[in-house]
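Undergrad: Let me see the structure of the following:
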Amino acid sequence: MLHFHRPLTSFRALTFIRPLVRPVTYTRWLHLCIPMAFVAIWMFIDMERLYIVLLLAVPIGLVPAVRLEEGIQAQLLLTPQERGKPDASIAVAPATTWQDRGRTVLWLEARLLLSGVATIASVWLPMITIDLISRASGGAPTDPTVLGGWEPHWWYALLAVIPVVVLFACLVVLGELVTHLARRLLGPSPSERLTALEERTEQLLERNRIAREIHDSIGHALTVAVVQAGAARAAGDPEFTERALAAIEETGRAALDDLERVLLVLRETGQPVSQRPTLDESDRLLESARASGAKVEAELTGALELLPGPVSREGYRILQEALTNVLRHSGPVPVRVRIAVMGQRLEMDVTNPLTGGRASTGQGGSGLRGIRERAALLGGKARTGAYEGEWRVRVRLPLNGLR
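TA: Below you'll find the model as predicted:
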């Protein structure tokens, strides 16, 4: 039994001591004590009516910038490990709704009350320890109302450690409590969580798209160029060498075009979500396809400008990929585009005639895979393939699929 009891006792001791060696424990205590500086200033004005400080916190908390200031301070002192992370549990943003303002007011009130408890514990408990040591040595207590009636005894020195233990317990418990309240009251609102989700979705989509473009297009082009150059050198035939050089030149030009598209994606990745193109700007894509020689017949119905942000932005990218696929694999052929808002669903169809084997080469490319991935992310479906002598991209996106 002794072999099991001793490790268990050591484990409990380490569990108690571990929070005391963490720097965040003391930064949280500092965060708790900061409001008492303002309370101390008010004490010089009106010592008897300290409750007015709690009343003043109400109009202060309704100021939008106060939530930003409190969020920065709380994230820096309460959760420093989350500082600067997009998924931080404490938001660093001004209040944009009355719900955010109300939560900020509650936070200020709770912070003032916890600050009072922390300050009293920081002052009163050490004083008790000093008085116990003083009474153990026969001296007078600093506060007669606490130990003034106690007769001096040496064993008071043994009790002096108890207030210190209680102080450190308060140090840890109040720090955890104020951090929990900060996450609940200063945490991201539903709209901020949705915005962060959109940002993360955009980043993942663009990263996947860049990886697909580099692997499928540029990697393929470099492979073809290397194989053609090696074959030309081994053949020793001037006519074959000329054909190989022509193939390398054509492949290189296509790779440069693909590289430009990848760089365009990289440049757009740094833009805020609200500044990225939406289906309301689809005319730009249609005109670009027409300028490339395609005869585009478009039918747009419904209020495209009222579509949810994620659906509209991903719809724009899907249309872009569909038109690019037509131009790359079928050339300047007639294209029919249909975009319609039907109740709680967005419908998109891009159809072009098949041109022998050229159209089918796009079936396994990165563009069509990207269309299917974007549609699936929004809770929709995308179908691509030959249908009655035509190549068709058919997409259905629910307007509330992301939520």
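
Undergrad: for the helix or strand encompassing Ile41, packing partners?
TA: Using DSSP states H and E, Ile41 maps to helix 35-45. Applying 3 or more Cβ pairs under 8 Å, 6 or more residues apart in numbering; DSSP states H and E, we find helix 35-45 packed against helix 51-61, helix 98-136. Where C-beta positions appear, they are placed from N, C-alpha and C, glycine not excepted.

Undergrad: which outside residues touch it?
TA: 50, 52-53, 111-112, 115-116, 119 (Cβ atoms under 8 Å, 6 or more residues apart in numbering).

Undergrad: closest one to Leu286 among the helices and strands packed on helix 35-45?
TA: helix 98-136 (40.8 Å; Cβ to Cβ).

Undergrad: Just the buried positions in the closest one, please.
TA: Within helix 98-136, the residues that count as buried by 16 or more other Cβ atoms under 10 Å are 100-101, 103-112, 114-116, 118-119, 121-122, 125, 128-129, 131-132, 134-136.

Undergrad: quick one, what contacts the residue most central in space within the chain?
TA: By Cα atoms, centre = their mean, the chain has its centre lying nearest to Pro86, at 3.8 Å. Counting by Cβ under 8 Å, 6+ apart, Pro86 touches 196, 199-200.

Undergrad: Regarding it, what is its secondary structure?
TA: coil (DSSP: H, G, I helix; E, B strand; the rest coil).

Undergrad: What backbone torsions are found at it?
TA: When read as degrees, to the nearest 10, the backbone of Pro86 gives phi -70, psi -20.

Undergrad: Ok, Arg336 next?
TA: phi -110, psi 130.

Undergrad: next one: the one 3 residues further on
TA: Listed backbone geometry of Ile339 is phi -130, psi 120, with angles given as degrees, to the nearest 10.

Undergrad: tell me the contacts of it?
TA: Counting by Cβ under 8 Å, 6+ apart, Ile339 touches 279, 282, 298-302, 304, 315, 319, 346-348.

Undergrad: Tell me where the stretch 301-403 of the chain has strands.
TA: Using DSSP state E, counting those that start in this stretch, the strands of the stretch 301-403 of the chain run over 334-342, 345-353, 381-387, 390-398.

Undergrad: which residues sit in contact with Leu397?
TA: 311, 314-315, 345-346, 348, 375, 378-380.

Undergrad: what are the bridge partners for it, then?
TA: On the basis of DSSP bridges, Leu397 is bridged to Leu346.

Undergrad: circling back to that earlier point, tabulate the helices and strands packed on helix 35-45 (a markdown table), appending mean pLDDT and distance to Ala255.
TA: As requested, these are exported to a markdown table (pLDDT from 0 to 100; distance: least, Cβ to Cβ, whole Å):
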| stretch | mean pLDDT | distance to Ala255 |
| --- | --- | --- |
| helix 51-61 | 86 | 58 |
| helix 98-136 | 87 | 50 |
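
Undergrad: Next, give me the two most distant ones among the contacts of helix 35-45.
TA: Greatest spatial distance among these (Cβ to Cβ): Ile52 and Thr119, at 17.7 Å.

Undergrad: now, the most widely separated pair of the contacts of Leu397?
TA: Between any two of those (Cβ to Cβ), the greatest distance is 14.8 Å, for Met348 and Gly379.

Undergrad: Show me which of the two is the more surrounded one.
TA: Comparing Met348 with Gly379 by other Cβ atoms under 10 Å, the one with more neighbours is Met348, at 23 against 15.

Undergrad: Which residues are in contact with the residue lying closest to Arg317 once chain neighbours are set aside?
TA: Of all residues not flanking Arg317 in the chain, Arg374 sits nearest, at 6.1 Å (Cβ to Cβ, 6 or more residues apart in numbering). By Cβ under 8 Å, 6+ apart, the residues touching Arg374 are 205, 314, 317-318, 382.

Undergrad: returning to that earlier point: for the helices and strands packed on helix 35-45, which one sits closest to Leu256?
TA: Among those, helix 98-136 comes nearest to Leu256, with 48.9 Å by Cβ to Cβ.

Undergrad: Which strands or helices does the closest one pack on?
TA: Here helix 98-136 touches helix 23-33, helix 35-45, helix 51-61, helix 64-77, helix 144-147, helix 156-159, helix 161-185, going by 3+ Cβ pairs under 8 Å, 6+ apart.

Undergrad: Thought Leu177 was touching Leu32, still the case?
TA: No - counting by Cβ atoms under 8 Å, Leu32 does not reach Leu177; the two are 9.4 Å apart.

Undergrad: what do these two both touch?
TA: Shared contacts of Leu32 and Leu177, defined by Cβ under 8 Å, 6+ apart, comprise Leu114.

Undergrad: Pull the number of nearby residues for the residue nearest to Val326 when sequence neighbours are not counted.
TA: Of all residues not flanking Val326 in the chain, Asn352 sits nearest, at 4.9 Å (Cβ to Cβ, 6+ apart). By other Cβ under 10 Å, the residues close to Asn352 number 26.

Undergrad: State the pLDDT value of Asn352.
TA: Reported pLDDT at Asn352 in the predicted model: 91.

Undergrad: show me what contacts it?
TA: For Asn352, the contacting residues are 326, 330, 333-336, 359, 390-391, by Cβ under 8 Å, 6+ apart.

Undergrad: Output those residues in TSV; the columns should cover distance to Arg67, neighbour count and pLDDT.
TA: Below are these laid out as TSV (distance: Cβ to Cβ, whole Å; neighbours: other Cβ atoms under 10 Å; pLDDT from 0 to 100):
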residue	distance to Arg67	neighbour count	pLDDT
Val326	49	29	80
Ser330	54	22	76
Val333	55	18	83
Pro334	55	14	90
Val335	50	23	90
Arg336	50	16	92
Ala359	55	22	42
Glu390	55	14	87
Trp391	52	26	89
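
Undergrad: biggest separation within those, which pair?
TA: The widest separation within the contacts of Asn352 (Cβ to Cβ) is 14.5 Å, between Arg336 and Ala359.

Undergrad: okay, Leu32 and Leu177: which has more neighbours?
TA: When Leu32 and Leu177 are compared for neighbours, Leu32 comes out ahead with 26 against 15, by other Cβ under 10 Å.

Undergrad: quick one: low-confidence ranges for the stretch 101-250 of the chain?
TA: Scanning the stretch 101-250 of the chain for pLDDT under 70 picks out 138-152, 205-206, 209-210, 212-224.
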